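Novice: with the sequence up front, the predicted model follows.
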Amino acid sequence: MNNRVRELRGERGWSQADLADKLDVSRQTVNAIETGKYDPSLPLAFRIARLLRLPIESIFQPEKD
Amino acid sequence: MKPISKTQYELRVFAAMMIYVVLVLALLPQARHAEGLAIRVVYSLIPVLPLLYVVWLIGRRIRWSDELEQRTHLIGLGIASAIVGVFSLIGGFLAAADVLPESTAVSLLIWVFPLMMVSYGIAQRQAAQRYGGSFCDETEGMRKDLSFALLAAIFAAIALWFQWRAVDALTLGVFYGFSAAFAIAAMLFALRRRRHAEQEGE
C-alpha cells in the first residue's frame, strides 16, 4: 500500500515524534508506516485520516498491479 | 492500570533480575542440604518470585504497546517458543535414550526460562529491525551504555561470588567472559554517544 503520511506530516510541520504522540503510537511505528514497511490496521488508518482531516483514500492507496 | 514507559520497564526488569540472581546464589546451594521438605521447597521456589514479576511486567508492556510493537512481540514469542520447544524435545529424547544422564537433563531445565527470554529478546529485535527499528535507537528506554555497564557489573559480581565459592574454571570463565563482552559493548555505545554529541555540537 502506498501512502502520503510523510508528505502530509511535513506540510503540517510535525516531526515523527509529534505525529506518534498525537496517534498514541511509537515513533518507530510512524516511521514504518511512512517508509511503507508496515501497513496500519484499519482503526489506525482512520485515526490518521481523522487527525489529518482528509478522507482515508486520499492518504492510502493500494499499489497498482 | 497506567502504562509504564520503556525506561521504567527496563529498570524494573533489571531490579527483578538482580534480586533473582542474589536469591539463586544465596538459596539454591542451601536448598539441597536444608532439613525438611517444606524448607527445601521454599528455598527452591523463592527465586521464582522475581521471575514471575518479570513475566507480569512483559505482559503489561505488551498490553500497552501499539499494534506494530505487539506484532513484533508476537513474532518474538512465537520464535522463542519454537526454539525452546525443539530444544526441550531434543533433551527429552536424549534423556529417554539414556544418551544424556537424567541428572543433566533435569539441571538443563533451569536454562529453559533464560533461553526463552534471550531468544525472545533477539527475535523481537530482529522483527523490529524488519520494520525499520534499530537496536542502536536510544530515543526510548535506558541508555544503552549504562544498560551494558550494569550487565557487566552484575556478571562480574556473580563471577567474583563464584571465585570466592571456588567454582570450576569453565563456569568462572563464562561469567567473566560475559562481563568483559558487556563492558566492551558499554564502551562502544559510550563512544558512539560521545561522537554523536560532538557532531551535534559542530
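Specialist: In hand now; what should we look at? What you see is a predicted model; the values in this text were computed from it and never measured.

Novice: next one: B:Ala190, what pLDDT does it get?
Specialist: At B:Ala190, the predicted lDDT confidence score is 91.

Novice: which residues touch it?
Specialist: B:Asp145 (CB atoms under 8 Å, 6 or more residues apart in numbering or on different chains). C-beta here means a position set from N, CA and C on the backbone, and glycine is covered the same way.

Novice: what about it, helix or strand, and which?
Specialist: In this assignment (DSSP states H and E), B:Ala190 forms part of helix B:169-201.

Novice: I'd like the average pLDDT over stretch B:118-131.
Specialist: Averaging pLDDT along stretch B:118-131 gives 91.

Novice: got the contact list for it?
Specialist: Contacting residues not belonging to stretch B:118-131 are listed as A:28, A:32, A:37-38, B:68-69, B:71-73, B:75-80, B:83-84, B:133, B:135 [CB under 8 Å, 6+ apart].

Novice: other SSEs contacting the lowest-mean-pLDDT helix or strand in chain B?
Specialist: Here the helix or strand of chain B ranked lowest by mean pLDDT, DSSP states H and E is helix B:102-108, holding a mean of 80. When contacts are defined as 3 or more CB pairs under 8 Å, 6 or more residues apart in numbering or on different chains; DSSP states H and E, helix B:102-108 packs onto helix B:67-96.

Novice: avg pLDDT for the helix it packs on?
Specialist: For helix B:67-96, mean pLDDT is 93.

Novice: what comes up buried for that helix?
Specialist: Using 16 or more other CB atoms under 10 Å in any protein chain shown as the test for burial, helix B:67-96 gives B:68-69, B:71-73, B:75-77, B:79-80, B:83-84, B:87-88, B:91, B:95.

Novice: residue 62: what's it in contact with?
Specialist: In the absence of a named chain, this looks at chain A. With contacts defined as CB under 8 Å, 6+ apart, A:Pro62 is in contact with A:1-2.

Novice: hm, I was asking about chain B
Specialist: With CB under 8 Å, 6+ apart as the criterion, the residues that contact B:Ile62 are B:69-70, B:73.

Novice: now do the strand or helix carrying it against helix B:67-96, angle only.
Specialist: Per DSSP H and E: B:Ile62 is located in helix B:48-63. Inter-element angle recorded for helix B:48-63 and helix B:67-96: 140 degrees (by axes from the mean of the first three to the mean of the last three CA atoms, to 10 degrees).

Novice: and the average pLDDT for helix B:48-63 is what?
Specialist: According to the model, helix B:48-63 has a mean pLDDT of 92.

Novice: buried residues in it?
Specialist: Buried residues in helix B:48-63, counting neighbours by 16+ other CB under 10 Å, are found at B:50-51, B:53-54, B:57-58, B:60-62.

Novice: wait, which of those is closest to chain A?
Specialist: For chain A, the nearest member of these is B:Arg61. The distance, counting by CB to the nearest CB, is 12.0 Å.

Novice: how many residues are close by the closest residue to the closest one other than its chain neighbours?
Specialist: Spatially, and ignoring its direct neighbours in sequence, B:Arg61 is nearest to B:Tyr9 (5.1 Å; CB to CB, 6 or more residues apart in numbering or on different chains). Residue crowding around B:Tyr9 was assessed by other CB atoms under 10 Å in any protein chain shown; the count is 19.
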